[in-house]
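**Student:** fold the stuff below for me.
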Amino acid sequence: MSGYVGAIDQGTTSTRFIIFDRRGEIVALDQREHAQICPQPGWVEHDAAEIWRNAQATIEGALAKARLAPSDLSCVGLTNQRETTLLWDRRSGAPLANAIVWMDARTEALVARYSAEGGKDRLRAKTGLPLSTYFSSLKLVWLLEALPGARERAEAGEILFGTMDSWIAFNLTGLHFTDATNAARTQLMNLETLQWDEELLRLFAIPRALLPEIRSSSEIYGACRGALAGVPLAAALGDQHAALIGEACFAPGDAKNTYGTGCFLLMNVGETPRASTKGLLSTLAYKLGEAKPVYALEGSVAIAGALTQWLRDNLGIISSSRDIETLARSVPDNGDVYFVPAFSGLYAPYWRADARGLIAGLTRFSTKAHIARAALEAAAFQTFDILEAMEADSGVALAELRVDGGMSANALLMQFQADMLGAPVVRPHCIETTALGAAYAAGLATGVWKDTEEVAAMWRAGPRWRPLMPREERDRRLAKWRKAVARSFDWSE
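**Tutor:** Next up is the predicted model:
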């Protein structure tokens, strides 16, 4: 058996294919960005056909860089942006419309409609999720109501629904399935049975014929076609669940934070779902083959790395995302500027769809460097809010926070994060933990790695940041942040 494992990492801003060796080291990586389509304020869409083209290009690119053929790969895993919702034609495979991205806020009226009876938390007992613009259920309702003939075609079995894992897997294998972690984010799956829930389908009027089959996160689904011809597709997980595996968070109490387009902090809570009273999500962590499902508490931030991209693309403050740390370091502090990036409302622990982004504290002294620094600090402040809620829910005080994702390469942000948490922050040797987790899950299904103990033994720490800021200064900044957050409420009516 080859020691090489591939991973498709289909993210919010780009798609990557990474090849790992048996030690979990990167052999080759190829990446392609895709367009962010914003037809109206609060709307965010993706061209799924473009994403599939990019996926194929990255597979071919990484294999060429590694000088490997598909037959050199033992298996491939798949990980993806979650909740992003798509309908496509069963026969032709053509999308019916652009995919509605997880951060899209067009379903606010539907949130109000379904919250009118029982409130926003009426589905938490079954799904672990509040009614929100975030999850797939209301995006799917919107598509079925907005696209002419879509509901009739869905009932006739002519069209298919899926999140991006289902879309990529359908094109790779011809099979229509999703894994339990992605299904958990649709708000249509029962969190305990790991099956589509008939009561929820009736509530949202979702025809069962368009739903994918729910499978485990780690098993051989089938053989790939095209650029990966013959390679077993053996894992599928939502990106944050894959990162939890990539960070080897296999024990209850283990937690990681991924700094990507958004920020996502997950804590392993074991084999029983734990309800949140502090605005967090109860979700599935992963389901590895026939093993019992493992659950997590999650706090989700909509805008983190996407704010850097916004400063680059919309304001032109920086020419490259890499430039933000240099610009932010050119000033000693934020100059009392605070940036609340509530572009699509605020997620955990606030769940305020009416919030909108704001920059507070501007004076004639303020410069683009202060805005850049405030943008970075926003990710750390939002992570603090989530971790505070998570510690209250779990009763566990975090000893250290494992971090990954593109923004974890920013040393200024990581030091500020440690200062805000008052706890160490540690980055692993490999920060591509999302793809690595998908590779591990695929390798576990095909015998590349024996068990999770072997996987955990390969985790290696990289840089570590310890808190340096005096507590009084930390508390002062947190108070200003909370003041700014409160100002963002009640903007969208």
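**Student:** only C-alpha atoms for contact and neighbour calcs from this point on.
**Tutor:** OK.
**Student:** show me the helices in the stretch 201-350 of the chain, by range?
**Tutor:** Per DSSP state H, counting those that start in this stretch, the stretch 201-350 of the chain carries helices over the ranges 239-246, 305-310, 323-329.
**Student:** just name the most buried of those.
**Tutor:** helix 239-246 (a mean of 29; mean count of other C-alpha atoms under 10 Å).
**Student:** how far off centre is that helix?
**Tutor:** 9 Å (C-alpha atoms, centre = their mean, to the nearest Å).
**Student:** quick one: residues in contact with that helix.
**Tutor:** By C-alpha atoms under 8 Å, 6 or more residues apart in numbering, the surrounding residues in contact with helix 239-246 are 9, 11, 79-82, 181, 250, 255-256, 258, 264, 266, 285-286, 404, 433-438, 440-441.
**Student:** what subset of the residues you listed is buried?
**Tutor:** Among those, those classed as buried by 16 or more other C-alpha atoms under 10 Å are 9, 11, 79-82, 181, 250, 255-256, 258, 264, 266, 285-286, 404, 433-438, 440-441.
**Student:** for Ala486, find the nearest of the helices of the stretch 201-350 of the chain.
**Tutor:** Nearest of the helices of the stretch 201-350 of the chain to Ala486, taken as C-alpha to C-alpha: helix 305-310 at 19.4 Å.
**Student:** and Glu50, what does it touch?
**Tutor:** By C-alpha under 8 Å, 6+ apart, the contact set of Glu50 is His34.
**Student:** for the remainder of this discussion, apply numbering that starts at 120.
**Tutor:** In the new count, where the first residue is 120, that last one comes out as Glu169.
**Student:** which of the helices or strands spans it?
**Tutor:** Using DSSP states H and E, Glu169 sits in helix 167-185.
**Student:** so how far is that helix from its chain's centroid?
**Tutor:** That offset, for helix 167-185, works out to 21 Å (C-alpha atoms, centre = their mean).
**Student:** now do stretch 397-411
**Tutor:** Using C-alpha atoms, centre = their mean, the offset of stretch 397-411 from its chain centre is 14 Å.
**Student:** cool, and stretch 281-290?
**Tutor:** 16 Å.
**Student:** avg pLDDT for that stretch?
**Tutor:** Stretch 281-290 shows a mean pLDDT of 97.
**Student:** residues contacting it, please?
**Tutor:** Residues contacting stretch 281-290 (C-alpha under 8 Å, 6+ apart): 129, 171, 197-206, 212, 255, 294-297, 301, 330-331, 355-357.
**Student:** in strands, which of the residues you listed fall?
**Tutor:** Residues from the contacts of stretch 281-290 lying in strands, with DSSP state E as the criterion: Gln129, Leu197, Thr198, Asn199, Leu205, Leu206, Phe296, Thr297, Ala355, Leu356, Gly357.
**Student:** quick one: which of those is most hemmed in?
**Tutor:** Highest neighbour count within the ones in strands among the contacts of stretch 281-290: Ala355, with 37 neighbours (other C-alpha atoms under 10 Å).
**Student:** who does that residue form a beta bridge with?
**Tutor:** Leu197 (DSSP bridges).
**Student:** go on, Leu385?
**Tutor:** Lys375, Glu417.
**Student:** do I have it right that it meets Gly372?
**Tutor:** No: counting by C-alpha atoms under 8 Å, Leu385 stays clear of Gly372, with 9.7 Å between them.
**Student:** now the common contact residues for those two.
**Tutor:** With C-alpha under 8 Å, 6+ apart as the test, Leu385 and Gly372 reach no residue in common.
**Student:** find the nearest non-adjacent residue to Ile145, please.
**Tutor:** The shortest distance from Ile145 to any non-neighbouring residue, by C-alpha to C-alpha, 6 or more residues apart in numbering, is to Phe139 (4.6 Å).
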